[in-house]
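J.: need a 3D model of the sequence below.
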Amino acid sequence: MIFVTGPMFSGKKDYICRLLHLSEEDFKARCINNAEALAADAEDLVLLADELAGKEVVIASEQGAGVVPVEKEARRRREAAGRLSILLAERADLVIRVICGLPQVLKGDPESLPRIQEKAYED
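T.: Numbering: from 1, shown residues only. Below is the predicted model of the structure:
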């Protein structure tokens, strides 16, 4: 699985579509976007991470780099999103952070993309 993270509106989806030559249809079929939103209502983040790891690409916007929310529920959602990102990064073969449309590889080797893609279709 490829995990892509970075700030909101930083070009994560566009980058992965260019990297993997994905059309909009392909993207919807093979990728999960805005995974951080799923964390808020998840009963079990480990189970959610295991489910998401079955996709070829998972994209999540970084949470927590800004002002700490005053509302308790907003803080809980932010923490859940951050913990989910940690779990996804652990499971990923390749972790890429995209900032201003520029990729930064945090884990893995981009040269392994064909192997990662083959593995996604075996599952």
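J.: only C-alpha atoms for contact and neighbour calcs from this point on.
T.: Fine.
J.: what residue is smack in the middle of the chain?
T.: What sits nearest the mean C-alpha location of the chain, by C-alpha atoms, centre = their mean, is residue 59, with 2.8 Å.
J.: what's the helix or strand for it?
T.: Using DSSP states H and E, residue 59 sits within strand 57-61.
J.: so the residue nearest to residue 48 when sequence neighbours are not counted, which of the three states?
T.: Closest residue to residue 48 apart from its sequence neighbours, by C-alpha to C-alpha, 6 or more residues apart in numbering: residue 42 at 7.0 Å. Secondary structure assignment for residue 42 (DSSP: H, G, I helix; E, B strand; the rest coil): coil.
J.: how many residues are close by residue 42?
T.: 15 (other C-alpha atoms under 10 Å).
J.: phi, psi of it?
T.: The phi/psi pair for residue 42 (degrees, to the nearest 10) reads phi -70, psi 130.
J.: can you tell me how far it is from residue 35?
T.: Distance, residue 42 to residue 35, by C-alpha to C-alpha, to the nearest Å: 11 Å.
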